[in-house]
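[1] give me coordinates for this.
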Amino acid sequence: MNLNNLTSGLSSDTSASSSKNVLANDVVVKGTIKFENELIFDGKVEGEIVSDAGALTLGKNADVNGEVLTKSVVVHGNVTGNITVSERCELKASSQLNGDLKAMRIVIEEGATFIGKSEVTPNKAPSKPSERSITPSTSTSKPQSASVAA
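    Below is the predicted model:
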């Protein structure tokens with residue numbers, strides 16, 4: 001397995017205090033993945049990826065069928081399901097998201113495919129699915145299909 005192929009082009013923090021976990025493209029998971037600090041995932045998962053304070057990077061081969069609930073996420077691959085992050089979500093040009101997106105900050109590169117609705121909550125972290133309230137959100141867009149060609 002060549003980790004350079006997995007991580008080439010991915011931004012990384014080289015701080016010695018962080019622990020980086022890598023699951024390569026030959027990994028298939030059915031269930032829940034939980035992690036603490038940082039996870040680079042390039043395999044397939046049916047279930048959810050959860051971390052209260054972690055940074056998730058989904059590689060170009062990543063195929064997620066389920067929910068993503070993390071502090072931040074950078075998506076290079078495919079996600080079919082909702083993404084809820086407390087800080088930043090970045091959809092790279094090679095990414096495809098078919099689901100709803102909730103974050104404080106959203107970056108969508110030209111070429112990314114996003115089908116769903118987005119909710120940007122700049123002044124507060126988005127609520128987790130089990131903690132939803134009846135009050136309206138700060139900013140919500142209607143369901144949309146966006147595919148931008150490079």
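[2] Val28 - how many residues pack around it?
    The local packing of Val28 (other C-beta atoms under 10 Å) involves 11 other residues. For the C-beta atoms, the positions are set from N, CA and C on the backbone; glycine is no exception.
[3] check contacts around the nearest residue to it once chain neighbours are set aside.
    Excluding its sequence neighbours, the residue lying closest to Val28 (C-beta to C-beta, 6 or more residues apart in numbering) is Lys44, at 4.8 Å. By C-beta atoms under 8 Å, 6 or more residues apart in numbering, the contact list for Lys44 reads Val27, Val28, Val29, Ala62, Asp63, Val64, Asn65.
[4] could you find the closest non-adjacent residue to the third one?
    If you skip the residues right next to it in sequence, Val29 has Val45 as its closest partner in space, 4.4 Å away by C-beta to C-beta, 6+ apart.
[5] the one you found falls within a strand, correct?
    Yes. With DSSP: H, G, I helix; E, B strand; the rest coil as the criterion, Val45 is located in a strand.
[6] what's it in contact with, if anything?
    Contacts of Val45 (C-beta under 8 Å, 6+ apart): Val28, Val29, Lys30, Ile33, Asp63, Val64, Asn65, Gly66.
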